[in-house]
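Novice: this is the structure alone, sequence omitted:
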């Protein structure tokens, strides 16, 4: 099941440099971001269609990158949130909702 990662207007992410997104190369630019959640892994997708509105299914022909990221059990989060933090190896984009936490590592190429 497709999940948009926000309400109404699609969630977009911009990278000012070429990066590795969960280990996969991505060129600098702006991307629409969505997920396909599963019990043990989420597929996180970057798509080139910008300015999307509403809950219609993504145009998968415009997907730029799909990565599988493991789900961690976390304290319950009532409202879906996206946060960022870092450690000595990478920045982490954290997607949290209910008792699921997905951490996407992001490094500069």
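Specialist: Noted; the coordinates are in hand. Since we're looking at a predicted model, the values are computed, not measured. Numbering: from 1, shown residues only.

Novice: for the protein, which residue occupies the most central location?
Specialist: In the chain, the centroid-proximal residue (C-alpha atoms, centre = their mean) is residue 44; its distance is 4.7 Å.

Novice: for that one, give me its contacts.
Specialist: 21, 22, 33, 34, 35, 66, 67, 69, 95, 102, 104 (C-beta atoms under 8 Å, 6 or more residues apart in numbering). Heads up, the C-betas are built off the backbone N, CA and C, glycines and all.

Novice: and it, bridged to which residues?
Specialist: Residue 44 has these beta-bridge partners by DSSP bridges: residue 35, residue 67.

Novice: repeat for residue 77
Specialist: What pairs with residue 77, by the bridge criterion (DSSP bridges), is residue 98.

Novice: can I assume it is in contact with residue 95?
Specialist: No: Residue 77 is beyond contact range of residue 95, at 9.8 Å (criterion: C-beta atoms under 8 Å).

Novice: now do the shared contacts for those two.
Specialist: Residues touching both residue 77 and residue 95 by C-beta under 8 Å, 6+ apart: residue 101.
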